[in-house]
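S.K.: here is the input, now give the coordinates:
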Amino acid sequence: MPVNAAKWLAPFYLLPADLMVNQLQLDSRKVKAGDVFIAIPGLAQHGNIYIEQALAKGAALVLTESGHYADARIVVMPQLIKILPELAASFYQQPTEQFDLVGITGTNGKSSVAFFINQLALSVQRKAQVIGTLGYGNIKHLTPLANTTPHFIDLQRIISQAKTEQADLVAMEVSSHALAQQRLAGLQFKVTVFTNLTRDHLDYHGSMQEYGAAKALLFQPDMAQSAVINVADEFGRQLAQTTSLPCLVYGNPEQCQGFSRFLAYSDVLATPSGYQFVVSTENERYSLNLPLLGEFNIQNVLAAIGSMQLLGYDLASLVKAAEKLTAVPGRMEQFVCEHEFTAVIDYAHTPDALQQALISLKQHSTNHIWCVFGCGGDRDKGKRPLMGQIAEKYADHVIITADNPRSEDVLAICADIAAGMSADAYYQIEPNRQAAIKLALISAQPEDIVLIAGKGHETLQIIGQQQLIYDERAYVQQLVTELAL
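M.R.: Modelled structure (predicted):
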């Protein structure tokens, strides 16, 4: 719906009374006729260099905090950066104040927790959406995103769109980059969730200390009203002990000791298709049959249940609904070749995530574990030998292959991974990812489990400057079907 720009900017700037505008845009490439282009500093360059491009594409108005321009369509507001969160919220009519907004941060598990919250919300007749790695919107019909957590201007627009679609709960992944870059300015979360902190993004943050400090920003009173925190994680325990927010923690009974409100899991029994375990609180105790692989998914489900509890929903109903949860696309997702092997696709691309996936699959396996994986190019090189070491330790057969090599040589990345393995380790290197997967599935024996890690839900593979169409889930389903014939 068009917005009257004069009324919108009235407290800060005088504009013609009849000027109507459509959307706020930070990316000049996305500008359409009638939009407002906001030219602000980026990580590499200032948006001012794209003003002419935005105007050529039909921008009705440009806002910037610096420069001198004769064009009346370009408004210079020296205080723009400071007031931009307020301007964005006002433009989209304060949509975040009308939602139960849940923010989820941590190295691993963010997408799963967001999806599980959405599924639980449906069970209590709430209309929910997600924002994150897999996209935004209804979990069955997601629109792709360039970043896990967009800029607050885009977030206001996305949440405003959710409002028009009659959603009233949004579960949003919050990346450490977004927190460090203040991309969440002006947002207020009803609940924030911490899943875990393991090695990742050190090419950006520099150290685990700085990485953790970025995550902790989400658990301040100016960002959130309450918190759900994983105390099975060392950093999580510290966070739960230091945050001033009302807090519900989750972990095993020993880890939850000393906290007044908790969800503890115990008596865990692995089954071929999931887990049976007990959920206990300070007052209640329930049995839960969870149809999901991976013990870390027990924690992810408890994070989702805890979030819904803090939003006011009954624990008994949530536990019952959790027994019908389905896996997130590309997150410990099973592809069963009947009477033969099981292939599992998981997004695991960090040492901890790979280790947790392999340990968990051993609990469900009666035979051998295969591991097919690689590491991304132009990213944290330090994790490569660590992941090789983990694959050797927890898998019976290892095939090292490409992930997203980007500008690096695939075989050099594979060699970096293999450097973490012992001299007598047996592994294979197959740089073509599809060939590596096919090799594993053809070689797998009955009751084997083949973990294909790293790509998960992604539908592109980045090789050099090319972004090639590559849907791993569709490819594995095709192979499994063919091998079952």
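
S.K.: mind listing the helices for the stretch 351-485 of the chain?
M.R.: For the stretch 351-485 of the chain, helices defined by DSSP state H, counting those that start in this stretch occupy the ranges 351-364, 383-394, 410-418, 433-443, 472-484.

S.K.: how about those in TSV, adding mean pLDDT?
M.R.: Formatted as TSV, the helices of the stretch 351-485 of the chain follow (pLDDT from 0 to 100):
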stretch	mean pLDDT
helix 351-364	93
helix 383-394	98
helix 410-418	98
helix 433-443	97
helix 472-484	95
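
S.K.: residues in contact with the residue nearest to E323 when sequence neighbours are not counted?
M.R.: Distances taken as CB to CB, 6 or more residues apart in numbering put N289 closest to E323, at 5.3 Å, once the chain neighbours are dropped. Quick note: C-beta positions are derived from backbone N, CA and C, even for glycine. By CB atoms under 8 Å, 6 or more residues apart in numbering, the residues touching N289 are G274, Y275, Q276, E323.

S.K.: quick one, strands of the stretch 51-200 of the chain?
M.R.: Counting by DSSP state E, counting those that start in this stretch, one finds strands in the stretch 51-200 of the chain at the ranges 61-64, 74-76, 100-105, 128-132, 135-137, 169-173, 191-194.

S.K.: quick one: low-confidence parts of the protein?
M.R.: The chain contains residues with pLDDT under 70 at 199, 201-202, 205.

S.K.: quick one: G330 and N367, what's the gap?
M.R.: Applying CB to CB, to the nearest Å, the value for G330 to N367 is 24 Å.

S.K.: same question for A216.
M.R.: 43 Å.

S.K.: checking the residue nearest to E323 next. Helix, strand or coil?
M.R.: Secondary structure, DSSP: H, G, I helix; E, B strand; the rest coil: N289 is strand.

S.K.: tell me the domain ranges of the protein?
M.R.: Here the domain assignment for the chain is 3-91, 95-322, 333-484, based on automatic domain parsing.

S.K.: hmm, back to that, output the helices of the stretch 351-485 of the chain in CSV; the columns should cover distance to Q98 and mean neighbour count.
M.R.: Formatted as CSV, the helices of the stretch 351-485 of the chain follow (distance: least, CB to CB, whole Å; neighbours: other CB atoms under 10 Å):
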stretch, distance to Q98, mean neighbour count
helix 351-364, 35, 22
helix 383-394, 41, 22
helix 410-418, 46, 19
helix 433-443, 44, 19
helix 472-484, 35, 16
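
S.K.: okay if I get those as CSV plus distance to L142?
M.R.: As requested, those are exported to CSV (distance: least, CB to CB, whole Å):
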stretch, distance to L142
helix 351-364, 21
helix 383-394, 28
helix 410-418, 29
helix 433-443, 24
helix 472-484, 14
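
S.K.: minimum distance to A270: which of the ones you listed has it?
M.R.: helix 351-364 (3.8 Å; CB to CB).

S.K.: got a list of contacts for that closest one?
M.R.: Applying CB under 8 Å, 6+ apart, the external contacts of helix 351-364 come out as 107-108, 196, 198-199, 270-273, 293-297, 332, 344, 346-348, 369, 371, 373, 383, 386-387, 390-391, 394-395, 449, 451, 453.

S.K.: what of stretch 22-29?
M.R.: So stretch 22-29 is in contact with 2-3, 31-38, 40, 47, 50-51, 53-54, 57, 59-60, 88, 91, 151, 153-154, 156-157, going by CB under 8 Å, 6+ apart.

S.K.: end to end on it, go ahead and measure it.
M.R.: One end of stretch 22-29 sits 16 Å from the other (CA to CA, to the nearest Å).

S.K.: show me the contacts for P78.
M.R.: Contact analysis of P78 by CB under 8 Å, 6+ apart lists E65, S66.

S.K.: one more time with 7 Å, if that's ok
M.R.: Counting by CB atoms under 7 Å, 6 or more residues apart in numbering, P78 touches E65.

S.K.: also K438?
M.R.: Residues in contact with K438 (CB under 7 Å, 6+ apart) are L479.

S.K.: same check on the one 3 residues further on?
M.R.: In this structure, L441 makes contact with A343, V450, L479, L483, judged by CB under 7 Å, 6+ apart.

S.K.: state the pair within those residues that is farthest apart.
M.R.: Largest pairwise distance in those, by CB to CB, is 11.2 Å, between V450 and L483.

S.K.: related to what we said a few turns ago, just the buried residues from the contacts of N289, in ChimeraX please.
M.R.: Remark: buried members of those, expressed as a ChimeraX selection using 16 or more other CB atoms under 10 Å:
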select :274,275
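
S.K.: so of the contacts of N289, which ones are in helices?
M.R.: The helices, defined by DSSP state H, take in nothing from the contacts of N289.

S.K.: any idea which of the contacts of N289 is closest to E234?
M.R.: Closest approach between the contacts of N289 and E234, by CB to CB: Y275, at 23.5 Å.

S.K.: how close does that closest one sit to A353?
M.R.: With CB to CB as the criterion, Y275 and A353 are 18 Å apart.

S.K.: cool, A17 as well?
M.R.: For A17 relative to A353 (CB to CB), the value is 55 Å.

S.K.: picking up where we left off before, could you dump the strands of the stretch 51-200 of the chain to a markdown table with distance to I117 and mean neighbour count?
M.R.: Below are the strands of the stretch 51-200 of the chain laid out as a markdown table (distance: least, CB to CB, whole Å; neighbours: other CB under 10 Å):
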| stretch | distance to I117 | mean neighbour count |
| --- | --- | --- |
| strand 61-64 | 35 | 23 |
| strand 74-76 | 40 | 18 |
| strand 100-105 | 6 | 27 |
| strand 128-132 | 7 | 26 |
| strand 135-137 | 14 | 19 |
| strand 169-173 | 4 | 27 |
| strand 191-194 | 9 | 29 |
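
S.K.: I'd like the ones you listed laid out as CSV, including distance to E254.
M.R.: As requested, the strands of the stretch 51-200 of the chain are exported to CSV (distance: least, CB to CB, whole Å):
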stretch, distance to E254
strand 61-64, 54
strand 74-76, 59
strand 100-105, 25
strand 128-132, 32
strand 135-137, 38
strand 169-173, 29
strand 191-194, 19
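
S.K.: which strand in this protein has the most residues?
M.R.: strand 262-271 (DSSP state E).

S.K.: now do the buried residues in it.
M.R.: Buried residues in strand 262-271, counted by 16+ other CB under 10 Å: F262, L263, A264, Y265, A270.

S.K.: just the buried ones from the contacts of helix 351-364?
M.R.: Buried among the contacts of helix 351-364 (16+ other CB under 10 Å): 107-108, 196, 198-199, 270, 293-297, 332, 344, 346-348, 369, 371, 373, 383, 386-387, 390-391, 394-395, 449, 451, 453.

S.K.: now do the contacts for the residue nearest to C375 when sequence neighbours are not counted.
M.R.: Nearest residue to C375 in three dimensions, chain neighbours excluded: R384, at 4.8 Å (CB to CB, 6+ apart). By CB under 7 Å, 6+ apart, R384 lies in contact with C375, I413, D416, I417, G420.

S.K.: just those now: which is nearest Q445?
M.R.: Set against Q445, the nearest of the contacts of R384 by CB to CB is I417 (24.7 Å).

S.K.: once you drop chain neighbours, what's closest to the closest one?
M.R.: Spatial nearest neighbour of I417, chain neighbours left out: G388 (4.1 Å); criterion: CB to CB, 6+ apart.
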